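Asks: This is a predicted model, with the sequence first.
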Amino acid sequence: MAAVTRAGSGRRLLVALAAVLGIVLAAQAVPGGARAEAPEDPLGPVNGGFEEPVGDEGIPGWQSRGGELGSAAVVSDPVFAGSQSLRLDDPADDAAFGLMSTPMPVQAEHTYRLSMQTYVERGTPTVYVYFYDAEGTELEARSEHFEDAPTGQWAPATLDVTVPEGASSAAVYLYSTIGRVSTYYVDDVGLSHVRAPIEVEELGVAFYSPNVRLAATDVLADGTRVGYLFSDGQPVSLTMVDLSTGEILDTHDFEGYSIGASIVVADDDRVYLSVRGPNDGTLWRYDPASGALDRLAGRIVGEAMLRSLVIEDGILYGSTYPNAKVFSYDLATEQVRDYGSVVEDGSYAWGFDMIDGELWVGTGAVPHLMRLDPDTGEVTELPLPDEVAESADFITRVEQLGDKVLVSYSPAGSRNTAIYDLATEQWQDGIDRVSGPWTSPSGDGTVYYVDGDTVSGIELESGAEVSIDWAGSGIADELDGTTELALLDEGLQDAPGPTLVGIRSDGSIWHYQLAVGVGDVLEIALRGAPATVHSVGTGADGDIYYGAYLSAGVMARVDVQSRTLEQITGPTQADSITAARGGRTVIATYPGAEFYAARSDQPWNWGNNPQHVFSLGRDANGQDRPLSMVAAGPWVAAATIPNYGELGGALTMFHPVTGRHEVHRNIVPDQSVTVLAHRDRVVYGGTSIYGGLSSTPTQDEAELFAWDYRRDRLIASEVVVPGAEVIHALAFDADGDLWGLADNGVFFEYDVSAGEVLRTVSTSATVNNDWGRLSEFFLYPDGTFYGDAGGQLFHLDPETEEFTTLIADDAYHSALASDGSIYFSDRTSIYRYQP
């Protein structure tokens, strides 16, 4: 497929220097601590040192907010400077408390540094900076929890903030959050101007793509057959489509959300749904008659995601993450009932259906099949077949089809769907791997499902397989990407008789008439939204490549010579990208840790060039997310995160042409491998104590290891940053020393010959992701380092140890081009910065 080229806009933007949410704590300081650019004298807040006498109206320049039990008092001991400090006490974990300063003037898009001294007795200091427009209306807030602040001693803490567009004043809020009990002292609070905005060039949105990963079908009261298509992106949208004609009947965008989470259609044709990204557990209702979309509730039963929904007798039931709960929502009264967590050892309540008056709930990352009585709330477990209990992590689907209940699970062997007979109350032989969707039963009890590259059926009563001539349907090549499959017994306007309807990830819809064995495809004018940028790497041709997050199959490429951005075909999700010997660009994908390689001398066309090289796989090797790759002579080294619920990542050495590979799991016991570097036939790796999602760490500190890939042996492995849970960035300096970055913002310099840490530098480049994602680190031609971490683009001078956070909020996926330009992204667009 030909690439679609979009010239860069060439538009230059002012992007504020210094970080949003940057922190520096003296507790992390080590010899040679970082020296960030000195801010100007503080412009406020009033009485930031708490030296003014307290009057009848309280502490001058400050006002209390929050719970009645909380208190703020000026004290004479302990004191950092002067003769007084502030004591903030929040003794209740069911109420928050804080102290707000008088607003002070600031300039929009400029960067300021809030600095203060903290002395912690218990809990965690939290600080907010609120921004207001000229009328005093609150626009935004920036915050940070200083969880690493030491107890029993004074320590500096800083928060760098960039003033949003339209703001003209800011206020400081010293705070203790709900759910925490905190007592701490504060002194020398000051907000100082650091930098004016700088200039970067915007190249444009990386990729536009319809991305239908969730859909539902219905027959309206007037007989219209419709499909409801969620298209993920920025923002996610819901589109109602006439399944007969392909006409778009209605579309709604969910501003601020990026992913469709769950959907169910009620008997009155109203649609109930949830979206995520951010995960705030919202429930929405769409009325196809009026076109109205209403938000009904948020944070239902305190959960982040509504995973599955069913409706029975006017009551909506839902399952959740991260506490594997079940809830009910009365559609008439809007009353919510919290049934609580159905298991104690799982985070996901995933597979979900109402079966003979009971809610059946499949869980993960420890698989259980639970039955819940919606009247009494009693929960009982239905034991799974041994082959399911022994191999699965998740029960992903539970659905009643006649007298049978189909239970899908993952990972799995040759079969991934078990069948439970309600009449005999026994498990029957399962179905071979059903990777795609299935239909409700036809009039004769046949269920149809996507079976690899074809469509098959099974007669539920007898278990007999039903084959159709999919190869001769005329649409055999249209099956890939089918995310929803429905059977319409009465057919469609131009397809009478029982008809299969498939909805694909690109938004197109196919029909297959079972009686005559022919099909057709409707191309839907579904509006593509910007997909989320997920990864970056330099290709063998020197261009910069970007991967998308859970897309319909796209990537992007920056031609560094012409500085133009082009959208190209790709996988659903590229996790890492690197250049290998022989002019090959290697792309590693999720799920299942699959690897592809493209030749630079041939046109790009995903599936052909790049072509598939090999897969690690969830089943075969227990690996899922290939987070980092680096070329190592004729080999490529890959770092992977294990399956959901598992510990033990792997280092894999593979040949990008032949696919020959060797997997080394648990090099550091129970730790994931998160980042790699190579020098002199040794691969160096950083680790994370965290495994796949919903796993529980057994280790306390991340390590740096060295692996001799010629002899397949571990040379060294050690903790290089005490207390760090993730080592997520590595790069060699001009002298051959290895530099790295830990999740707590500490850089380290490591002598690979001596095997020892030479120095560490504490900075604000902290990362909260369990695997250190959203971070890059590379050596610039002048001998200094650039990179990104936690949404900040930064610069580190190893000579002076000066650390400067460069680009403000939303800077990710940076890469160095051959001309010295640095390319980076926000959530959806690509930018160029010239140091």
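Replies: Right, received. Where do you want to start? Given the structure is predicted, the values throughout are model-derived calculations rather than measurements.
Asks: A597 versus G553, what's the distance?
Replies: Distance of G553 to A597, given as Cβ to Cβ, to the nearest Å: 17 Å. C-beta coordinates here come from the backbone N, C-alpha and C atoms, glycine included.
Asks: In terms of neighbours, single out the busier of the two.
Replies: A597 (23 against 20; other Cβ atoms under 10 Å).
Asks: tell me the strands in the stretch 501-650 of the chain, going along the chain?
Replies: Listed in chain order, the strands of the stretch 501-650 of the chain (DSSP state E, counting those that start in this stretch) span 509-513, 518-522, 529-530, 533-538, 544-548, 554-559, 564-569, 574-580, 584-589, 594-599, 611-615, 623-632, 635-642, 650-654.
Asks: Sheet-wise, list the partners of the first one with their directions.
Replies: So the one you mean is strand 509-513. Looking at strand 509-513 with DSSP bridges, its partner strands are strand 499-504 (antiparallel), strand 518-522 (antiparallel).
Asks: Please report phi then psi for E387.
Replies: Dihedral angles of E387 (phi, psi; degrees, to the nearest 10) stand at phi -70, psi -30.
Asks: Tell me the spacing between it and R415.
Replies: Distance, E387 to R415, using Cβ to Cβ: 8 Å.
Asks: quick one: which of the two has more around it?
Replies: Legend: neighbour count by other Cβ under 10 Å for E387 and R415, higher for R415 (19 against 16).
Asks: what helix or strand does the nearest residue to the more buried one once chain neighbours are set aside sit in?
Replies: Excluding the flanking residues, the one nearest R415 by Cβ to Cβ, 6 or more residues apart in numbering is G430, at 4.2 Å. In this assignment (DSSP states H and E), G430 forms part of strand 426-432.
Asks: and the next helix or strand after that strand with strand 499-504, angle?
Replies: Using DSSP H and E, the helix or strand that directly follows strand 426-432 along the chain is strand 446-451. Interaxial angle of strand 446-451 relative to strand 499-504 (axes from the mean of the first three to the mean of the last three Cα atoms, to 10 degrees): 30 degrees.
Asks: for strand 446-451, packing partners?
Replies: Counting contacts by 3 or more Cβ pairs under 8 Å, 6 or more residues apart in numbering; DSSP states H and E, strand 446-451 is packed against strand 454-459, strand 482-488.
Asks: Quick one, which of the ones you listed gets closest to L86.
Replies: Smallest distance to L86 across the helices and strands packed on strand 446-451 (Cβ to Cβ): 55.5 Å, for strand 482-488.
Asks: looking at it, T763 is touching D797, isn't it?
Replies: No: taking contacts as Cβ atoms under 8 Å, T763 lies outside contact range of D797: 11.6 Å.
Asks: Common neighbours of the two, please.
Replies: F803 (Cβ atoms under 8 Å, 6 or more residues apart in numbering).
Asks: Neighbour count for these two, which is higher?
Replies: T763 (28 against 17).
Asks: Where do the helices of this structure begin and end?
Replies: In the chain, helices defined by DSSP state H lie at 386-391, listed in chain order.
Asks: distance between stretch 193-210 and the chain's centre?
Replies: Offset of stretch 193-210 from its chain centre (Cα atoms, centre = their mean, to the nearest Å): 21 Å.
Asks: So which bits of that stretch are buried?
Replies: For stretch 193-210, burial by neighbour count (16 or more other Cβ atoms under 10 Å) applies to 193-195, 197, 200-210.
Asks: Stretch 692-703 now?
Replies: Buried, per 16+ other Cβ under 10 Å, within stretch 692-703: G692, L693, S694, S695, Q699, E701, A702, E703.
Asks: got JSON lines for these, with pLDDT too?
Replies: JSON lines is the format used below for the buried residues of stretch 692-703 (pLDDT from 0 to 100):
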{"residue": "G692", "pLDDT": "92"}
{"residue": "L693", "pLDDT": "85"}
{"residue": "S694", "pLDDT": "81"}
{"residue": "S695", "pLDDT": "88"}
{"residue": "Q699", "pLDDT": "97"}
{"residue": "E701", "pLDDT": "98"}
{"residue": "A702", "pLDDT": "98"}
{"residue": "E703", "pLDDT": "98"}
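Asks: measure stretch 469-479 end to end?
Replies: Counting by Cα to Cα, to the nearest Å, you get 13 Å between the two ends of stretch 469-479.
Asks: which residues sit against that stretch?
Replies: Under the criterion Cβ under 8 Å, 6+ apart, residues 450, 453-455, 502, 504, 508, 510, 512, 517-521 lie in contact with stretch 469-479.
Asks: picking that back up, within the sheet, what are the partner strands of the strand holding G430, with directions?
Replies: Using DSSP bridges, strand 426-432 pairs in its sheet with strand 415-421 (antiparallel).
Asks: now what about the partner strand, what contacts it?
Replies: By Cβ under 8 Å, 6+ apart, the residues outside strand 415-421 that reach it are 382, 384-385, 387-388, 397, 403-410, 426-435, 463.
Asks: hmm, back to that, relative to strand 454-459, how tilted is the strand holding G430?
Replies: Using the same axes, to 10 degrees: strand 426-432 against strand 454-459 is 160 degrees.
Asks: In strand 426-432, which residues are buried?
Replies: W427, G430, I431.
Asks: hang on, the earlier thing: tabulate the helices and strands packed on strand 446-451 (a markdown table), appending mean neighbour count.
Replies: Shown next, in a markdown table, are those (neighbours: other Cβ atoms under 10 Å):
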| stretch | mean neighbour count |
| --- | --- |
| strand 454-459 | 21 |
| strand 482-488 | 22 |
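Asks: Those: lowest mean pLDDT?
Replies: For those, the weakest mean pLDDT is recorded on strand 454-459, namely a mean of 88.
Asks: CA atoms only for that strand, dumped as PDB, please.
Replies: Written as PDB, here are the backbone C-alpha positions of strand 454-459 (Å, rounded to 0.1, in the frame of the first residue of the first chain):
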ATOM      1  CA  THR A 454     -12.100 -18.100   7.800                       C
ATOM      2  CA  VAL A 455     -15.600 -18.100   9.300                       C
ATOM      3  CA  SER A 456     -16.800 -21.400  10.900                       C
ATOM      4  CA  GLY A 457     -19.900 -22.500  12.800                       C
ATOM      5  CA  ILE A 458     -20.700 -25.000  15.500                       C
ATOM      6  CA  GLU A 459     -24.100 -26.700  16.200                       C
END
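Asks: elements contacting it?
Replies: Applying 3+ Cβ pairs under 8 Å, 6+ apart, we find strand 454-459 packed against strand 446-451, strand 465-467.
Asks: pLDDT on the last one, on average?
Replies: Pointing back at strand 465-467 there. 86.
Asks: all strands for the stretch 301-450 of the chain, in order.
Replies: Using DSSP E, counting those that start in this stretch, strands in the stretch 301-450 of the chain cover 305-312, 315-321, 325-330, 336-341, 348-355, 358-364, 369-372, 379-381, 394-401, 404-410, 415-421, 426-432, 446-451.
Asks: how far away is the nearest residue to G298 once chain neighbours are set aside from D232?
Replies: Nearest-residue entry for G298: T282, 4.6 Å, with adjacent residues in sequence omitted and distances by Cβ to Cβ, 6+ apart. T282 is 16 Å from D232, where distance means Cβ to Cβ.
Asks: do L382 as well
Replies: 33 Å.
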